[in-house]
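K.L.:
Structure, please.
(chains A and B)
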Amino acid sequence: MAKRVLVACGNGVATSTVVADKVKNYCAERGLNIQISQCRMIELHDKGDGYDLIVTSGKFSDPDLTTPCIMAISLLTGIGADKTLEQIYQALKD
Amino acid sequence: MPNVEFSPSLVVIFNDKSSYQEVEAALAHKLVELGYAKESFPDAIAKREIDYPTGLDVEGINAAMPHCDVSNVNKPAVCVGVLRKPVPWRRMDEPDVTCEVSFVSMLALTEAHAHLAMLQKVVALIQDQALMKKIVDASDADEVYELACEKLF
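P.N.:
Down below sits the predicted model:
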């Protein structure tokens, strides 16, 4: 079953779109098929538990969520982007 | 889906030191004035920035990419601000920390999860620090537009 990833940003419109695309492409290159959805940060509390991984473009923490979360600002700034993508892949592959 | 518009009339150069609120208000009102954004857009932009700041610290010529919900937009467009005197802007990844921003690309988007190509180009532009240097040194709106087009089109 494909791993499910939820990508979130402030409005669920712009940065989550860029981040989702980069994550999907990187995982595909590594041979990993994933299902990606996008939402707004404010929706994470209610939706987050239904996924294998949450990826956000901004700062986020929610003690009620058990789903692991990786912040991916590096995919926008370019600084440390490869490291973050690999970290995301490693979190999903098993 | 209509293309995201960009033109020299969507470039604003700020020569004097401003606050991020002044920069956002000027760019947002420009988008309303030119018909791309609705009257609700400037307030939506300001509110969003407080809840989810858009400053990006690239450890060089830093940028911000303010935007808000699609319900505030008529037609998609990008409005660029060049800040000759960098302005402190709260960071997307660390909202309690600011970085000095010289380049702002305010986005008026009409569809969630769409406009991927334009968004990728804006991000690529921000990451091209050599081009960003030329942009912040450009003499006028036409030159900023020409330079930005290298990446945006």
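K.L.:
hey, let's count contacts and neighbours off CA atoms from now on
P.N.:
OK.
K.L.:
And the helices in chain A?
P.N.:
A:15-29, A:44-47, A:74-77, A:81-93 (DSSP state H).
K.L.:
Tell me the buried residues in the second one?
P.N.:
Translated: helix A:44-47. A:Leu44 (16 or more other CA atoms under 10 Å in any protein chain shown).
K.L.:
so, in contact with chain B or not, that helix?
P.N.:
No. Applying CA under 8 Å from any CA of the partner chain, one finds helix A:44-47 separated from chain B by no less than 14.2 Å.
K.L.:
Please list the outside residues in contact with that helix.
P.N.:
Helix A:44-47 has contacts (CA atoms under 8 Å, 6 or more residues apart in numbering or on different chains) with A:Ala8, A:Asp62, A:Asp64, A:Leu65.
K.L.:
Show the pLDDT at the closest residue to the third one other than its chain neighbours.
P.N.:
By the measure of CA to CA, 6 or more residues apart in numbering or on different chains, the closest residue to A:Asp64 outside its immediate chain neighbours is A:His45, 7.5 Å from it. Looking at A:His45, its pLDDT reads 96.
K.L.:
any idea how far A:His45 lies from A:Ala91?
P.N.:
According to CA to CA, to the nearest Å, A:His45 and A:Ala91 sit 20 Å apart.
K.L.:
now swap in B:Ala130 and tell me
P.N.:
Distance of B:Ala130 to A:Ala91, computed by CA to CA: 34 Å.
K.L.:
of the two, who's got more company?
P.N.:
Remark: of B:Ala130 and A:Ala91, A:Ala91 carries more neighbours, 14 against 11, as counted by other CA atoms under 10 Å in any protein chain shown.
K.L.:
quick one, what contacts that one?
P.N.:
By CA under 8 Å, 6+ apart, A:Ala91 lies in contact with A:Leu53.
K.L.:
for the helix or strand B:Val122 falls within, what is the average pLDDT?
P.N.:
Using DSSP states H and E, B:Val122 sits in helix B:116-127. Taken as a whole, helix B:116-127 has a mean pLDDT of 93.
K.L.:
ok so, going back, and the residue nearest to A:Asp64, how far from B:Asn15?
P.N.:
Separation of A:His45 from B:Asn15 (CA to CA): 42 Å.
K.L.:
Also B:Pro76?
P.N.:
In terms of CA to CA, B:Pro76 sits 27 Å off from B:Asn15.
K.L.:
higher neighbour count, these two?
P.N.:
Ranked by neighbour count (other CA under 10 Å), B:Pro76 and B:Asn15 place B:Pro76 first, with 21 against 11.
K.L.:
Show me which of the contacts of helix A:44-47 is closest to B:Val58.
P.N.:
Lowest distance from B:Val58 to these (CA to CA) belongs to A:Ala8, with 20.7 Å.
K.L.:
Quick one: neighbours of the closest one, just the number.
P.N.:
Look at A:Ala8: counted by other CA under 10 Å, it has 30 neighbours.
K.L.:
For it, give its distance to A:Ile73.
P.N.:
For A:Ala8, the distance to A:Ile73 - CA to CA - is 11 Å.
K.L.:
any shared contact partners between these two?
P.N.:
Contacts common to A:Ala8 and A:Ile73, judged by CA under 8 Å, 6+ apart, are A:Thr56, A:Ser57.
K.L.:
and B:Ile45, what does it touch?
P.N.:
Going by CA under 8 Å, 6+ apart, B:Ile45 touches B:Glu24, B:Ala28, B:Pro66, B:His67, B:Cys68.
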